[in-house]
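[1] Please find the sequence and the predicted model below.
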Amino acid sequence: MHVDKRIIFLGIILLCLGLAQDCRHAMVRYPQAPPEACRVYPTSKECKRALDLRSAQAEQGGEIHKIQHTYYFFGLYPGNLVVDTSKYCADGPKSVHQYTTFWNGFWEQLTLAIYSPQTVEIECYK
């Protein structure tokens, strides 16, 4: 009878860990600034060429940077963490995605949400 309680307890813990993963997501997508040729004459041939070149490069995707953010007390402290995307992306960010990985959730559950890490993924324009 004593072994059954341990198995049930372990099952509940594993279920909580499994259900708590990948629950929190926040994503922002940024539009790309127009090419220099389009700023002066948006209907010019140079603008069309620059836009065609950009669309061909966009299919390849840009560089992706992963950053770990540390929060405490259920994610309440520190309130706001500001990321300077110009350090990572010279041509500007394409998207910023903040989420909880399996290991982030594991450590959060293990510390009873005193330590709440988050992963930030920044994708750059090419």
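    That came through, no problem. Residues are numbered from 1 along each chain as shown.

[2] All the helices of this structure, in order from the start?
    Secondary structure of the chain by DSSP state H: the helices cover 2-19, 36-40, 45-58, 102-110.

[3] burial measure for residue 53, as a count.
    Neighbour count of residue 53, defined by other C-beta atoms under 10 Å: 11. Quick note: C-beta positions are derived from backbone N, CA and C, even for glycine.

[4] Now for the residue lying closest to residue 122 once chain neighbours are set aside, how many residues are close by?
    Nearest residue to residue 122, sequence neighbours excluded (C-beta to C-beta, 6 or more residues apart in numbering): residue 65, at 4.6 Å. Counted with other C-beta under 10 Å, the neighbours of residue 65 add up to 17.

[5] For stretch 69-79, give the mean pLDDT please.
    Mean per-residue pLDDT for stretch 69-79: 85.

[6] If you count neighbours, what's buried in it?
    For stretch 69-79, a neighbour-count test (16 or more other C-beta atoms under 10 Å) marks 71, 75 as buried.

[7] Bridged to the residue positioned nearest the centre of the chain, which residues?
    By C-alpha atoms, centre = their mean, the chain has its centre lying nearest to residue 97, at 2.3 Å. Beta-bridge partners for residue 97, by DSSP bridges, are residue 27, residue 121.

[8] just checking, it touches residue 25?
    Yes: if you go by C-beta atoms under 8 Å, residue 97 and residue 25 touch, sitting 7.1 Å apart.

[9] Cool, thanks, signing off.
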